[in-house]
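J.: fold the stuff below for me.
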Amino acid sequence: MRFLIVKRRWLIYTGLSLVLIMCSILFFRPNALPVDGNTDVEHDLYTFHMVTGEFSSKTENGGEIESYRWDPGTIVVPKGEEIKLSILGVNGKEHPFFIEGTNAKGVVKKGEETILTLKFSKEGTYRLICTAHPDKDHNGPMIGYIVVD
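T.: Residues are numbered from 1 along each chain as shown. Purely as a prediction, here's the structure:
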């Protein structure tokens, strides 16, 4: 009868080697296991959230000044990927807008969410322009920037 003698340090080395191999697999194949547990091959649309914002202040002579903004003022989106742009109306009654260089347009109303599905085929910077606040005389300019990379 033969016995196999296994030393404790060989067990430790073997266990550490297995852990190292598993960590290497996870590190070098990050897409192999979904982070959110979703095993669908297709991913959800990239979603970008914006809100309408208002800044107001008083001048030295007691007058009021206001300015409306998209927040965040700039978003970076991937070229060629379908994205969802969700804009929540927080300040201002309504903000009719268009995205320069596209056919996209709409209206953001206070307390409501406006959702657009967009796909940019060309890299560049596209301006999101509110037509109610196009310049300083109309409490603007209310312009956001969509950078396609």
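J.: in contact with residue 64, which residues are there?
T.: If you count contacts by CB atoms under 8 Å, 6 or more residues apart in numbering, residue 64 has them with 56, 57, 58. Where you see a C-beta, it was placed from the backbone N, CA and C, and this is true even at glycine.
J.: that one and residue 126, how far apart?
T.: Distance check for residue 64 against residue 126: by CB to CB, to the nearest Å, it reads 32 Å.
J.: and the helices in this protein, which stretches?
T.: Using DSSP state H, the helices assigned to the chain run over residues 8-28.
J.: show me where it has its strands.
T.: Listed in chain order, the strands found in the chain under DSSP state E are 46-58, 64-71, 74-77, 82-88, 94-99, 105-109, 113-119, 124-130, 143-148.
J.: each with direction, which strands does the longest one pair with?
T.: In the sheet containing strand 46-58, the strands it pairs with under DSSP bridges are strand 64-71 (antiparallel), strand 82-88 (parallel).
J.: re the thing from before, in a markdown table: the strands of the chain, plus mean pLDDT.
T.: Output for the strands of the chain, formatted as a markdown table (pLDDT from 0 to 100):
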| stretch | mean pLDDT |
| --- | --- |
| strand 46-58 | 93 |
| strand 64-71 | 93 |
| strand 74-77 | 96 |
| strand 82-88 | 96 |
| strand 94-99 | 96 |
| strand 105-109 | 97 |
| strand 113-119 | 95 |
| strand 124-130 | 97 |
| strand 143-148 | 97 |
